[in-house]
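Peer 1: Sequence plus predicted model, see below.
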Amino acid sequence: MLSAKEIRIQIIVDNTAPEGLYGEHGFSVWIEAGRERILFDTGKGEAVIPNCNALGIDLSTTTILVLSHGHYDHTGGIAEALAFASAARVVLHPGVFTDRWSIRTGVPKPAMMPAESQKALVALPPERVIRTGEPSMISEGVGVTGTVPRLNGFEDPGGPFYLDTEGRIPDPIEDDMSLWIETAEGLVVVAGCCHSGIVNTLDHIIGLTGERRIATILGGFHLFAASPERLERTIEGLGSHDIGRMIPCHCTGSEVAEQFRRRLTVPVIPGHAGLIV
């Protein structure tokens, strides 16, 4: 278990960025947890390296690269990041390589990991790649959820995602994983897009760890297109948990973040590239 002084988190890539940093529809986070230097996701690809340079993040010190799921906006910078992180282990769900599409207005658009990123992962020595769909401790006090059980009836993957271009086979995005850090103050939870649902994810992590105190939740919660019913039940579910603060990012949606701020009794801090936790 780590103390708060041993943990430092900085958002590298987000949809929102201040002057001097690049914003893009993507997500990436730098996590310093004890002796580990963890790169969580790599964004869409264009922003991760210039933002690391601007923020003074040395990717060559990366010990672990964690991939939250196989969508392009979280895996686009893998090849560039691994060129610096030449000794890092990579933690991923086997499903990250799945071909998948999003279909809006009848037009299928590829949503899968870019070919260059897949090639970079396949080229790694097998001993550097940890493929797991199960809950796993990847370092002291640091775990990944593996596939998150979808136990409630109101959370879905969050969009029109399919495994075929005709829209006949829905993509459950079973490779969606989040990361947690065990601290003396409670759990720190980092999510990529939380396609499993933020309530499902928190319930899963609490069940795995036995720790009910959530010190911080940070990440994308994929609620920007959520129905009013889902949003209402999500707010109810979050309100039933002991949460210290929330930092919604990326695909959560600014209007949803504002509802969280107004209706939840915990501090809600909108995320942006460069934010230090």
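Peer 2: Looks like it arrived, so ask away.
Peer 1: which SS state does residue 247 fall under?
Peer 2: For residue 247, the assignment made with DSSP: H, G, I helix; E, B strand; the rest coil gives strand.
Peer 1: for residue 26, same thing?
Peer 2: coil.
Peer 1: Who are the contact partners of the residue most central in space within the chain?
Peer 2: For the chain, the residue nearest the mean C-alpha position is residue 192 (1.4 Å; Cα atoms, centre = their mean). Taking Cβ atoms under 8 Å, 6 or more residues apart in numbering as the criterion, residue 192 is in contact with 27, 40, 41, 68, 69, 74, 176, 177, 178, 219, 220. For every residue, glycine as well, the C-beta is placed using N, CA and C.
Peer 1: For the closest residue in space to it that isn't next to it in sequence, give me phi and psi.
Peer 2: Leaving aside its sequence neighbours, residue 192 sits nearest to residue 68 (Cβ to Cβ, 6 or more residues apart in numbering; 2.5 Å). For residue 68, the backbone dihedrals (degrees, to the nearest 10) come out as phi -70, psi -30.
Peer 1: Check what pLDDT the closest residue to residue 164 other than its chain neighbours gets.
Peer 2: Closest residue in space to residue 164, ignoring its immediate chain neighbours: residue 101 at 7.3 Å, by Cβ to Cβ, 6+ apart. Looking at residue 101, its pLDDT stands at 97.
Peer 1: what are the phi and psi angles of residue 101?
Peer 2: Torsion angles, degrees, to the nearest 10, at residue 101: phi -140, psi 150.
Peer 1: change the start of the numbering to 801 and stick with it
Peer 2: Fine by me, first position is 801 from now on; the one you just mentioned is residue 901.
Peer 1: ok, it touching residue 969?
Peer 2: No - between residue 901 and residue 969 there is no contact, the gap being 10.0 Å when judged by Cβ atoms under 8 Å.
Peer 1: re the thing from before, gap between the residue nearest to residue 964 and residue 916?
Peer 2: 19 Å (Cβ to Cβ, to the nearest Å).
Peer 1: Same question for residue 829.
Peer 2: 22 Å.
Peer 1: Show me which of the two is the more surrounded one.
Peer 2: For residue 829 versus residue 916, neighbours defined as other Cβ atoms under 10 Å are more numerous around residue 829 (27 against 14).
Peer 1: in this structure, which spans are helices?
Peer 2: Using DSSP state H, the helices of the chain run over 848-855, 872-875, 878-884, 915-922, 998-1009, 1028-1039, 1054-1063.
Peer 1: Make TSV out of the ones you listed and add distance to residue 939 and mean pLDDT.
Peer 2: Shown next, in TSV, are the helices of the chain (distance: least, Cβ to Cβ, whole Å; pLDDT from 0 to 100):
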stretch	distance to residue 939	mean pLDDT
helix 848-855	21	98
helix 872-875	21	98
helix 878-884	18	98
helix 915-922	20	98
helix 998-1009	15	98
helix 1028-1039	27	96
helix 1054-1063	30	94
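Peer 1: Of those helices, which is nearest residue 965?
Peer 2: With Cβ to Cβ, the closest approach to residue 965 among the helices of the chain belongs to helix 872-875: 15.7 Å.
Peer 1: contacting residues around stretch 954-970?
Peer 2: For stretch 954-970, contacts defined as Cβ under 8 Å, 6+ apart pick out 898-904, 908, 911, 971-973, 976, 993-1000, 1022-1023, 1025-1026, 1029-1030, 1033-1034, 1051.
Peer 1: which of those are buried?
Peer 2: Buried residues within the contacts of stretch 954-970, counting neighbours by 16 or more other Cβ atoms under 10 Å: 898, 900-903, 908, 911, 971-973, 976, 993-1000, 1022-1023, 1026, 1030, 1033-1034, 1051.
Peer 1: Looking at the residues you listed, which are in strands?
Peer 2: Counting by DSSP state E, the buried ones among the contacts of stretch 954-970 place 901, 902, 903, 908 in strands.
Peer 1: what's the most distant pair in these?
Peer 2: Greatest spacing in these, by Cβ to Cβ: 902 and 908 (7.5 Å).
Peer 1: Measure how buried the closest residue to residue 981 other than its chain neighbours is and give me the count.
Peer 2: Nearest residue to residue 981 in three dimensions, chain neighbours excluded: residue 988, at 4.2 Å (Cβ to Cβ, 6+ apart). As a burial measure, residue 988 scores 25 neighbours (other Cβ under 10 Å).
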